[in-house]
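[1] got a predicted model here, sequence first, then my questions.
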Amino acid sequence: MVVDARNTSRLQWLESLDISKDPEHVRKSSIICTLGPKTQSVEMITELRKAGMNIARMNFSHGSHEFHGKTIANVRRSEEVFKGRPVAIALDTKGPEIRTGNTKDGNDIPFKIGHEMIFSMDPKDAKEGCLERMYIDYHNLPKAVAPGRTIYMDDGIMAFEVLEVMDNAVKVVARTDGALSSHKGVNLPGSNVDLPALSDKDKADLTFGVEQGVDIIFASFIRTAQDVKDIRNHIGEKGKHIKIVVKIESTQGVENFDEILVETDGVMIARGDLGIEIPAAQVFIVQKMITAKCNIAGKPVICATQMLESMTYNPRPTRAEVSDVSNAILDGADCVMLSGETAKGNYPLHAVRMMSDIALLAESAIAYPPLFNELRASVKLPVDTTEATCSSAANAALEQNAKAIICITTTGTSARMLSKYRPSIPILVVTRDYHTARHVHLSRGCYPFHYQKPKPAAAASEAEARDQWQNDVDERIQFAIANALDAGLLQKDDVVISIQGWRGGVGNTNTMRILRADVETKALRTGSNANSRASTPVPGSPDLRPASMLTRALKHQLSPDSKKPSSISPSKRRK
């Protein structure tokens, strides 16, 4: 007998948790891995994908176009070598940063607390940094600070208090010990920095990214909604398929977040610089606020920075890091990100597997029924037809104890709306659009199936077009069920919810169906009946199942040297 959990409270749900039980479903949160010199090869990228990577990030603060071009090519080559789920590629911009100039001889210059010196905006000092005078490349610095304000350097490690503001320089006193170095980052917490959202380097990098076919842009230091519009204008028609994910890492970005959220496709909470711009203790509040607003809006949110930082050099994370990742998932993050852990770390595969295990177990602790009720109660009525259909599908999944939701989509909007309502079961996204198959990794629970059978030829009449459309939809549903059965996502007679449009085209999603998977024919049956209005293609035929993008990934077993001391099934660890 299935217990009715719809009225279960969050506390009752947590009270029932049992570490002796395996998670019921596969991992739903996505993992973003930063690729660096240690993880650039096709072989290493393939292993990262097998370990759980869904999105490959390239940090354009470092590396040349030649380096990143090779990385992109290797990611795409990995998709040919290992026919698992598609992997998205994200370009992370350098953004409008403020940095120091060069020291005179290139060496670090130590200083002590109480040391007084000048921060100069004069370009003549750009390569003449010394203990008395250091160049900073922001010419409006004297306008942005005032006596008593603090200037941070090198990710907040060094702090200087402003003593005096001059026309083209600022006199400061050191409030920490440290060492002046070339090209170190400078932060001005609480100041309205008027740097352009896109530097010349950013523009060149974005143009390069469009030419290379990247899927996502992680836009650094976004402060206003206009910054997002400027990026869209720059990438233009050629980059219209690219999703823009803003990085919130400044006071201005936090203050203007509501207007930014309207324009962006997703949000990354970049806690590194954010923790310098605002008091570190407040980052927690901002993380909670941004995550909640993104969840209510149905837009993907990424939690990033220092999530498993200690695994850069150690094979095991700290307990605090495990809790950090877990709580980000519990709060509602769609994706969690690894930076130096995979870009330069000694244990990149260990870090990805650990991140995957933590996310999987954290997801099992989510109280799904009360969460669904909260999300549905938070929306402003009336909602559009697509969202109403998706909300109903998530509710039906709870009431029917369904094991998967199949989403037939072109743009991925309906998949994102399904993800918004946080079903506890996988969302099997069937799409002919390869860009969409990659983009849906941004949304929790979405498993892309790239359907490669061509669209039917144009019908002669409207009635014939409707029949042709429904037959094509049924074939795509059968395709998803066949792959899900092979992958172990579905079992015989499992209830499956499907959503679709009543006709072809974008924005027509308005139909939900309740089906049962047939393990013998790998077909679909409506409710308890064995009949389907569409004929069942032969299982395994090229038309029904062209190169599953999920099955082999979920079935793949780790090699002996990559096994972990956990009872978690490898097939459940991969999304």
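    Happy to help now that I have it.
[2] return the helix or strand in the protein with minimum mean pLDDT.
    Ranking every helix and strand in the chain by mean pLDDT, DSSP states H and E puts helix 551-555 at the bottom, with a mean of 37.
[3] tell me which strands the longest strand along the chain pairs with, and in which orientation.
    With secondary structure taken from DSSP state E, the chain has its longest strand at strand 509-518. Paired with strand 509-518 in the same sheet, following DSSP bridges, are strand 495-501 (antiparallel), strand 523-526 (antiparallel).
[4] next, the angle from the longest helix belonging to the chain to strand 495-501.
    The single longest helix within the chain, with elements called by DSSP state H, is helix 462-487. Relative orientation of helix 462-487 versus strand 495-501 (axes from the mean of the first three to the mean of the last three Cα atoms, to 10 degrees): 140 degrees.
[5] show me the contacts for V283.
    R271, L274, G275 (Cβ atoms under 8 Å, 6 or more residues apart in numbering). All C-beta spots, glycine's among them, are computed from the backbone N, C-alpha and C.
[6] now it: how far from Q306?
    Counting by Cβ to Cβ, to the nearest Å, the gap from V283 to Q306 is 11 Å.
[7] report the set of residues contacting both of those two.
    R271.
[8] can you pull the pLDDT of D518?
    Looking at D518, its pLDDT reads 77.
[9] one more: R545?
    28.
[10] and what of the one 3 residues further on?
    The score at S548 is 34. That number is its pLDDT.
[11] thinking again about what came up before, for the longest helix of the chain, buried residues please.
    468-470, 472-487 (16 or more other Cβ atoms under 10 Å).
[12] now swap in stretch 286-306 and tell me
    Going by 16+ other Cβ under 10 Å, stretch 286-306 has these buried residues: 286-287, 290-291, 293-305.
[13] stretch 398-407 now?
    Neighbour count says stretch 398-407 has L398, A402, K403, A404, I405, I406, C407 buried, by 16+ other Cβ under 10 Å.
[14] out of these, which sit inside helices?
    Using DSSP H, L398 are the members of the buried residues of stretch 398-407 that sit in helices.
[15] tell me the one of the buried residues of stretch 398-407 nearest D215?
    C407 (18.8 Å; Cβ to Cβ).
[16] that closest one and L11: what is the separation?
    From C407 to L11 the distance is 32 Å (Cβ to Cβ).
[17] by mean pLDDT, show me the worst of the strands paired with strand 509-518.
    strand 523-526 (a mean of 54).
[18] quick one, what contacts R438?
    P86, V87, A88, I89, D215, P448.
[19] most surrounded residue in those?
    Greatest neighbour count in the contacts of R438, by other Cβ atoms under 10 Å, goes to P448: 29 neighbours.
[20] for that one, grab phi and psi.
    Note on P448: its backbone torsions stand at phi -80, psi 130 [degrees, to the nearest 10].
[21] go on, G52?
    Torsion angles, degrees, to the nearest 10, at G52: phi 140, psi 0.
[22] now it: how far from L381?
    Counting by Cβ to Cβ, the gap from G52 to L381 is 38 Å.
[23] between those two, who's got more neighbours?
    Between G52 and L381, counting by other Cβ under 10 Å, G52 is the more crowded of the two (26 against 5).
[24] can you tell me the SS state at the nearest residue in space to the more buried one that is not next to it in sequence?
    Closest residue to G52 apart from its sequence neighbours, by Cβ to Cβ, 6 or more residues apart in numbering: S356 at 3.8 Å. Three-state call for S356 (DSSP: H, G, I helix; E, B strand; the rest coil): helix.
[25] can you count the residues close to S356?
    S356, neighbours per other Cβ under 10 Å, totals 26.
[26] and it, how far from L349?
    11 Å.
[27] now swap in V170 and tell me
    Counting by Cβ to Cβ, the gap from V170 to L349 is 46 Å.
[28] do F119 as well
    Taking Cβ to Cβ, one finds F119 at 43 Å from L349.
[29] so between those two, which is more surrounded?
    F119 (24 against 21).
[30] contacting residues around that one?
    Contacts of F119 by Cβ under 8 Å, 6+ apart are M134, Y135, I136, L141, I151, F160, A169, V170, K171, V172.
[31] pretty sure it sits in a helix.
    No: looking at F119 with three-state DSSP, it is strand, so not inside a helix.
[32] and it, how far is that from K83?
    Counting by Cβ to Cβ, the gap from F119 to K83 is 55 Å.
[33] next one: I31
    19 Å.
[34] looking at the two, which is more packed in?
    A direct count of neighbours by other Cβ under 10 Å for I31 and K83 places I31 higher, at 25 against 14.
[35] and the more buried one, that's in a strand?
    Yes: the assignment for I31 (three-state DSSP) places it in a strand.
[36] that one: what's it in contact with?
    By Cβ under 8 Å, 6+ apart, the neighbours of I31 are 52-55, 335-338, 352, 355-356, 359, 575.
[37] partner residues bridging it?
    Residues in beta-bridge contact with I31 (DSSP bridges): V336.
[38] and the helices in the stretch 301-450 of the chain?
    For the stretch 301-450 of the chain, applying DSSP state H, counting those that start in this stretch gives helices covering 319-331, 340-343, 348-364, 368-378, 385-400, 413-420, 434-439.
[39] most tightly surrounded among the ones you listed?
    Using mean count of other Cβ atoms under 10 Å, the stretch among those with the largest mean neighbour count is helix 413-420, at a mean of 27.
[40] rounded mean pLDDT for that one, please.
    On average, helix 413-420 scores 98.
[41] which other helices and strands does it contact?
    The contact analysis (3 or more Cβ pairs under 8 Å, 6 or more residues apart in numbering; DSSP states H and E) places helix 413-420 against helix 385-400, strand 404-408, strand 427-431, strand 446-450.
[42] please convert those to a markdown table, extending it with distance to E259 and mean pLDDT.
    Converted to a markdown table, the helices and strands packed on helix 413-420 look like this (distance: least, Cβ to Cβ, whole Å; pLDDT from 0 to 100):
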| stretch | distance to E259 | mean pLDDT |
| --- | --- | --- |
| helix 385-400 | 22 | 96 |
| strand 404-408 | 30 | 97 |
| strand 427-431 | 29 | 97 |
| strand 446-450 | 27 | 95 |
